[in-house]
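Student: Structure, please.
(one chain, ligands or ions: 1)
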Amino acid sequence: MEKIIEVKDLTLTYENDDTPTLNSLNLDINRGEIVTVIGKSGCGKSTLLNTIAGYLEPTSGQVLLNGEPVTGPNWKLGVVFQNNALYPWLDVEDNIGFGLKMRHFDKELISKRVNTLLDQVQLTDKKKEYVFSLSGGMRQRVAIARALANQPQLVMFDESFGALDEFTRNDIHDVILGLWKSLNLTFFIITHDIDEAIKLGNRIVIMTPDKDSQLKIVDNPYFNIDSDDINSDYMKFKNDILKQII
Ligand SMILES: Nc1ncnc2c1ncn2[C@@H]1O[C@H](COP(=O)(O)OP(=O)(O)OP(=O)(O)O)[C@@H](O)[C@H]1O
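Tutor: Got it, this is the predicted structure:
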């Protein structure tokens, strides 16, 4: 298995804090897998994502991307935030192509890549619309397309679907799984919804309150489960995870 990310003995203590938020964490993310992260509010999920993304500097330990230390933000690591952080003054296609424009890509290449992405997230007919006129689910799809425009090695989601209603969220799950299958992508998805963690993750990282053993990593036999197939074994698996979070 090819490791894209290696988190090695990662510790992060915020300034003026006595105890570390992340305490000596170890985690590999392999090419082509979806890793979901579940944990109680405040346990440090976003801190972990921000450190992997290079937005926060570890107090000790390190994060490697393809064997090289992450020392700051990097286009090879895409992030989709919950508020999706789109530019309201740009239309859909310019939002998606923004990063490529900043990197001075050729206009034709940008247009080609953006059109492909619009098709992949099923927004071709909305390309000239401003993002404020879109529904929450559509905006989330724009944010995903924008993160993919850089062709990153890993795309990370920070509770990106939390504000969506259940129907729209299921729709986005299908988009995520469809993109993952067709483009052989690697995803790291933070969520506080346990069913979402199980639906989307090949492996599930459980962030526990036990600072001496903060991460529990489990293989997930219920990846992409259909809601009709939820049975008592699924419920047991889910409850076992819940017990470790609290
Ligand atoms: N910039 C900061 N400075 C100091 N403390 C911080 C900072 N950011 C987060 N924290 C603290 O670190 C802890 C972990 O926060 P973090 O946002 O990583 O948790 P989380 O698991 O993502 O929470 P949530 O699910 O509510 O988003 C919290 O106690 C939070 O108050």
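
Student: Which parts of the protein are strands?
Tutor: 3-12, 22-30, 34-39, 60-65, 68-69, 77-81, 154-158, 187-191, 203-207, 215-219 (DSSP state E).

Student: I'd like these as TSV, with mean neighbour count and mean pLDDT appended.
Tutor: For the C-beta atoms, the positions are set from N, CA and C on the backbone; glycine is no exception. As requested, the strands of the chain are arranged in TSV below (neighbours: other Cβ atoms under 10 Å; pLDDT from 0 to 100):
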stretch	mean neighbour count	mean pLDDT
strand 3-12	18	98
strand 22-30	19	98
strand 34-39	25	97
strand 60-65	17	98
strand 68-69	11	96
strand 77-81	22	92
strand 154-158	23	96
strand 187-191	24	97
strand 203-207	22	98
strand 215-219	14	97
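
Student: out of those strands, which comes closest to the ligand?
Tutor: Between the ligand and the strands of the chain, the shortest separation by Cβ to the nearest ligand atom is 5.4 Å, and it involves strand 34-39.

Student: mind giving me the domain ranges of this structure?
Tutor: Domain assignment of the chain by automatic domain parsing yields the ranges 3-76+153-245, 84-151.

Student: among those, which is nearest the ligand?
Tutor: The nearest among these, by Cβ to the nearest ligand atom, is domain 3-76+153-245 at 3.3 Å.

Student: before we move on, back to that, make TSV out of the domains of the chain and add distance to the ligand.
Tutor: As requested, the domains of the chain are arranged in TSV below (distance: least, Cβ to the nearest ligand atom, whole Å):
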stretch	distance to the ligand
domain 3-76+153-245	3
domain 84-151	15
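
Student: so where's the chain uncertain?
Tutor: 84 (pLDDT under 70).

Student: Give me the buried positions along the longest helix seen in it.
Tutor: In the chain, with assignment by DSSP state H, the single longest helix is helix 166-183. Along helix 166-183, these residues count as buried under the neighbour rule (16 or more other Cβ atoms under 10 Å): 168-173, 175-177, 179-180.

Student: So which other helices or strands are in contact with that helix?
Tutor: helix 107-120, helix 136-149, strand 187-191, helix 194-200 (3 or more Cβ pairs under 8 Å, 6 or more residues apart in numbering; DSSP states H and E).

Student: chain center to it: distance?
Tutor: What separates the centre of helix 166-183 from the centre of its chain is 13 Å, taken as Cα atoms, centre = their mean, to the nearest Å.

Student: ok, now stretch 23-42?
Tutor: The answer for stretch 23-42 is 10 Å, by Cα atoms, centre = their mean.

Student: From the buried residues of helix 166-183, pick the one nearest residue 114.
Tutor: Lowest distance from residue 114 to the buried residues of helix 166-183 (Cβ to Cβ) belongs to residue 179, with 15.2 Å.

Student: Now for that closest one: which residues touch it?
Tutor: 120-121, 144, 148, 185 (Cβ atoms under 8 Å, 6 or more residues apart in numbering).

Student: and the two most separated of these?
Tutor: 121 and 185 (12.8 Å).

Student: Between those two, which is the more surrounded one?
Tutor: residue 121 (23 against 20; other Cβ atoms under 10 Å).

Student: how many neighbours does the nearest residue to the more buried one once chain neighbours are set aside have?
Tutor: Distances taken as Cβ to Cβ, 6 or more residues apart in numbering place residue 141 nearest to residue 121, at 4.2 Å, with adjacent residues excluded. The number of residues packed near residue 141 is 28, by other Cβ under 10 Å.

Student: same check, this time on residue 159
Tutor: 21.

Student: wait, it sits on residue 191?
Tutor: Yes. Assessed by Cβ atoms under 8 Å, residue 159 is found in contact with residue 191 at 6.1 Å.
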